[in-house]
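Asks: Attaching a predicted model along with its sequence, questions to come.
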Amino acid sequence: MLRAAVALFLEKGYAKTTTAEIAVAAGIRQSSFFHVFPSKEALLLELVRRMFGGQFDLAEQHNNGQEPIFLYAVETALQLHIAELTEPLRELYVMAYTLPTTADYLYRTTSKRLQVIFADYLPDAQPKDFFEMEIASGSIMRGFMSVPCDPYFTVEAKIRRFLDCSLKLYDVPQAKRECIIEAILRMDLHSMAEGIIQKTIQQAEAGFEALIAETE
């Protein structure tokens, strides 16, 4: 189901893919789909965990011992780059920030990391504050993702604007924001974004093969 869903989501998009189509592509009955996932949104949540986990792992690999704020900037810049690879991917990421279960997962998991990343800039902030600020920055992210780039609003301009807005939200000084943004834009984000999607596909394949092995 994971393999079938990834293939269909990347081809048709999330909204146009039905659970019946996923079941047929996976070679199972639709009732079997609902035995594992109560809804299409539940399946998307599993994919979101994998995709965003891959983003965080790759960002860590490129952190090179730099401060946590750089890790945050790499991860969020990668999200914006992935959304520009194809229109189905854009829809998938926008839906991740829109649907109740996936959005809640992103807000809660990210807000915990934000407490560590921005503690020095917001020493008096409580967990509740970081959760609320993540809702705000997540909404900004969704807005930027939903608007395709064009010659006047390139992906580089989008990343620059998003990071400036989000880092300002967490009280990062302007000079520091500019330094981080310039470092991020010097990275090969396009190749990194493609690598994350390929890894997600491979994980879906591995999940499928593991499921087959368990039933044999």
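Replies: It's in.
Asks: Which parts of this protein are helices?
Replies: 2-12, 19-26, 30-36, 40-61, 68-82, 87-96, 100-117, 127-146, 155-169, 174-185, 189-215 (DSSP state H).
Asks: Any chance of the ones you listed in a markdown table with mean pLDDT as columns?
Replies: Formatted as a markdown table, these follow (pLDDT from 0 to 100):
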| stretch | mean pLDDT |
| --- | --- |
| helix 2-12 | 88 |
| helix 19-26 | 91 |
| helix 30-36 | 86 |
| helix 40-61 | 79 |
| helix 68-82 | 89 |
| helix 87-96 | 93 |
| helix 100-117 | 92 |
| helix 127-146 | 95 |
| helix 155-169 | 96 |
| helix 174-185 | 95 |
| helix 189-215 | 68 |
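Asks: tell me the most buried of those helices?
Replies: Highest mean neighbour count of these: helix 68-82, a mean of 22 (counted as mean count of other Cβ atoms under 10 Å). For every residue, glycine as well, the C-beta is placed using N, CA and C.
Asks: My read is that residue 40 contacts residue 16, right?
Replies: No - judged on Cβ atoms under 8 Å, residue 40 makes no contact with residue 16 at a distance of 11.3 Å.
Asks: Need the residue closest to the centroid of the chain.
Replies: Note on the chain: the residue nearest the mean C-alpha position is residue 52, at 4.4 Å, using Cα atoms, centre = their mean.
Asks: Skip the chain neighbours and tell me the closest residue to that residue.
Replies: Leaving aside its chain neighbours, residue 52 sits nearest to residue 106 (6.9 Å; criterion: Cβ to Cβ, 6 or more residues apart in numbering).
Asks: That neighbour contacts residue 48, correct?
Replies: Yes - counting by Cβ under 8 Å, residue 48 is a contact partner of residue 106 at 7.1 Å.
Asks: got the contact list for residue 28?
Replies: Contacts of residue 28 were listed using Cβ atoms under 8 Å, 6 or more residues apart in numbering, and they are residue 1.
Asks: Need the phi and psi values for it.
Replies: Backbone torsions of residue 28, given as degrees, to the nearest 10, read phi -130, psi 170.
Asks: Now do it, the pLDDT please.
Replies: For residue 28, the pLDDT comes out at 88.
Asks: and the gap between it and residue 45?
Replies: Residue 28 sits 19 Å away from residue 45, going by Cβ to Cβ, to the nearest Å.
Asks: Repeat that for residue 21.
Replies: Residue 21 is 19 Å from residue 45, by Cβ to Cβ.
Asks: before we move on, what about residue 144?
Replies: Taking Cβ to Cβ, one finds residue 144 at 22 Å from residue 45.
Asks: same question, residue 9
Replies: In terms of Cβ to Cβ, residue 9 sits 13 Å off from residue 45.
Asks: what does residue 169 give?
Replies: Residue 169 is 26 Å from residue 45, by Cβ to Cβ.
Asks: Please apply the same query to residue 125.
Replies: Residue 125 is 28 Å from residue 45, by Cβ to Cβ.
Asks: list the contacts for residue 156?
Replies: residue 185.
Asks: Now do it against residue 141, distance only.
Replies: Taken as Cβ to Cβ, the span from residue 156 to residue 141 is 16 Å.
Asks: Identify the residue spatially nearest to residue 110, adjacent ones excluded.
Replies: residue 134 (5.1 Å).
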